[in-house]
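Enquirer: the following block contains a protein sequence and its predicted model.
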Amino acid sequence: MTELASPSAYGMLTEPATMKIQRLLPGPIERIWAYLTDGDLRRQWLAAGQMEMKVGAPFELVWRNNELTNPPGHRPSGFSDEHRMESRIVELDPPNKLTFTWGTGGEVSFELASKGAEVLLTVIHRRLPDRAITLMVGAGWHMHLDILVARVTATEPEPYWDGWSRLRADYDRMLPA
């Protein structure tokens, strides 16, 4: 990846059921906040879905990973064209922090911090239920964030599914069994 993938491109477990992954992105912070909260911008790197910017507000995330890159790469078996998940905003501090439920079991926080002309994005995914989900989530966040880096730097990301499959194998080797 590029230098903007620093400090470390790979996510790490900060607790047995919590993954943290970071990216350093070109600012300003309001631009990156828009990529997290605006459904049209977010669908370019993660998932579509409108959010009412209010604590307690429900929203739906809609993944269409085949549309994130052209070509999309080879989709592994077991994944559909579309995935939907109901979430709810838990914490909101624009443009610094957004926390929401991840379906019925987990929680995800996006934290933004200005670092000169750049913005440090920290994603923390809590309450991962098991190793299999942790591997999927690690590869997923990693690949989605690589696509976000590509979008905000006007570069071409690698095909989503090919990258995800490669990263899932990497996380399988890196994370404890």
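Expert: In hand now; what should we look at? Numbering: from 1, shown residues only.

Enquirer: count the residues that sit near the residue nearest to residue 13 when sequence neighbours are not counted.
Expert: Once flanking residues are discounted, residue 13 sits nearest to residue 19: 5.8 Å by Cβ to Cβ, 6 or more residues apart in numbering. For the C-beta atoms, the positions are set from N, CA and C on the backbone; glycine is no exception. Using other Cβ atoms under 10 Å, residue 19 has 24 neighbouring residues.

Enquirer: so what's residue 19 up against?
Expert: 11-13, 124-125, 128, 134, 137-138, 141 (Cβ atoms under 8 Å, 6 or more residues apart in numbering).

Enquirer: cutoff 10 Å now
Expert: 10-13, 106, 108, 123-126, 128, 134, 137-138, 141-142, 171, 175 (Cβ atoms under 10 Å, 6 or more residues apart in numbering).

Enquirer: tell me the bridge partners for it.
Expert: Applying DSSP bridges to residue 19 gives these bridge partners: residue 13, residue 125.

Enquirer: hmm, back to that, of the contacts of residue 19, keep whichever come out buried.
Expert: With neighbours counted by 16 or more other Cβ atoms under 10 Å, these contain buried members at 11, 106, 108, 123-126, 128, 134, 137-138, 141-142, 171, 175.

Enquirer: residue 47 and residue 16: what is the separation?
Expert: Note on residue 47: its distance to residue 16, by Cβ to Cβ, to the nearest Å, is 26 Å.

Enquirer: so the two - more neighbours on which side?
Expert: Per other Cβ under 10 Å, whichever of residue 47 and residue 16 has more neighbours is residue 47, with 20 against 9.

Enquirer: leaving out sequence neighbours, find the closest residue to that one.
Expert: In space, residue 47 is closest to residue 61, 4.1 Å off (Cβ to Cβ, 6+ apart).

Enquirer: now swap in residue 118 and tell me
Expert: Residue 118 sits nearest to residue 24 (Cβ to Cβ, 6+ apart), 5.2 Å away.
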